[in-house]
Each structure stands twice: as C-alpha cells, then as structure tokens.
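Give the three-dimensional model of this entry:
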Amino acid sequence: MDAHPDVPVYWVDVKGQRPLSREIAGRLGITHESPQAILLRRGTPVWHASHSGVTAGAIAGELRQRGE
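Here you go, the predicted structure:
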C-alpha cells in the first residue's frame, strides 16, 4: 500500500502454495476465500474481508482506524 509503506504486505498464491494457505487459515481461524485480505496485529487477525470487500479504501480505512 503506497499510503502505508511501513506496513508489511504479503501475497499468498493459494493455488501454488496450498499447504501454506491451509496453514494460515488454520492458525488464524479464518476460512479461506479468494480474493481475501487479512489485517494482523501482533499475529492476531483484527480485520478481514473477501471478494468485493477487498478494496484499497477498506484496507486504508482499517489502518487509519487502528492508528497505523
């Protein structure tokens, strides 16, 4: 995210990295959907969205709300 260069962003290719995708879903307790964005704070999910809810504006709004 250009507006938040200090926030690390990771991309998981769920087709190419199925074991990793399953591990993330299991550890976070969030059912996988695609596309999907998950915001973590100290390793704990604090927000997630999928499909039409995944927008730059929605993510930026969550970061602003949480003081990032």
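
In space, what's closest to residue 49 - neighbours in sequence excluded?
residue 37 (5.5 Å; C-beta to C-beta, 6 or more residues apart in numbering). Backbone N, C-alpha and C define where each C-beta goes, glycine included.

State whether the one you found is indeed within a helix.
No - according to DSSP: H, G, I helix; E, B strand; the rest coil, residue 37 belongs to no helix; its state is strand.

For residue 18, see how far away it is.
19 Å (C-beta to C-beta, to the nearest Å).

which of these two has more neighbours?
Neighbour totals were compared for residue 37 and residue 18, and residue 37 leads with 16 against 12 (other C-beta atoms under 10 Å).

which ones are touching the more buried one?
48-50, 54, 58-59 (C-beta atoms under 8 Å, 6 or more residues apart in numbering).

Between which two of those is the distance greatest?
The largest separation in these, counting by C-beta to C-beta, is between 50 and 59 at 12.5 Å.

of those two, who's got more company?
For residue 50 versus residue 59, neighbours defined as other C-beta under 10 Å are more numerous around residue 59 (21 against 15).

what about dumping the CA coordinates of the helix or strand harbouring the more buried one to PDB?
Assessed by DSSP states H and E, residue 59 sits inside helix 56-65. C-alpha atoms of helix 56-65 as PDB (Å, rounded to 0.1, in the frame of the first residue of the first chain):
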ATOM      1  CA  ALA A  56      -7.600  -0.300  -1.100                       C
ATOM      2  CA  GLY A  57     -10.100   2.100   0.600                       C
ATOM      3  CA  ALA A  58     -11.300  -0.500   3.000                       C
ATOM      4  CA  ILE A  59      -7.800  -1.600   4.000                       C
ATOM      5  CA  ALA A  60      -6.600   2.000   4.300                       C
ATOM      6  CA  GLY A  61      -9.700   2.800   6.500                       C
ATOM      7  CA  GLU A  62      -8.900  -0.100   8.800                       C
ATOM      8  CA  LEU A  63      -5.300   1.000   9.100                       C
ATOM      9  CA  ARG A  64      -6.300   4.600   9.900                       C
ATOM     10  CA  GLN A  65      -8.800   3.400  12.500                       C
END
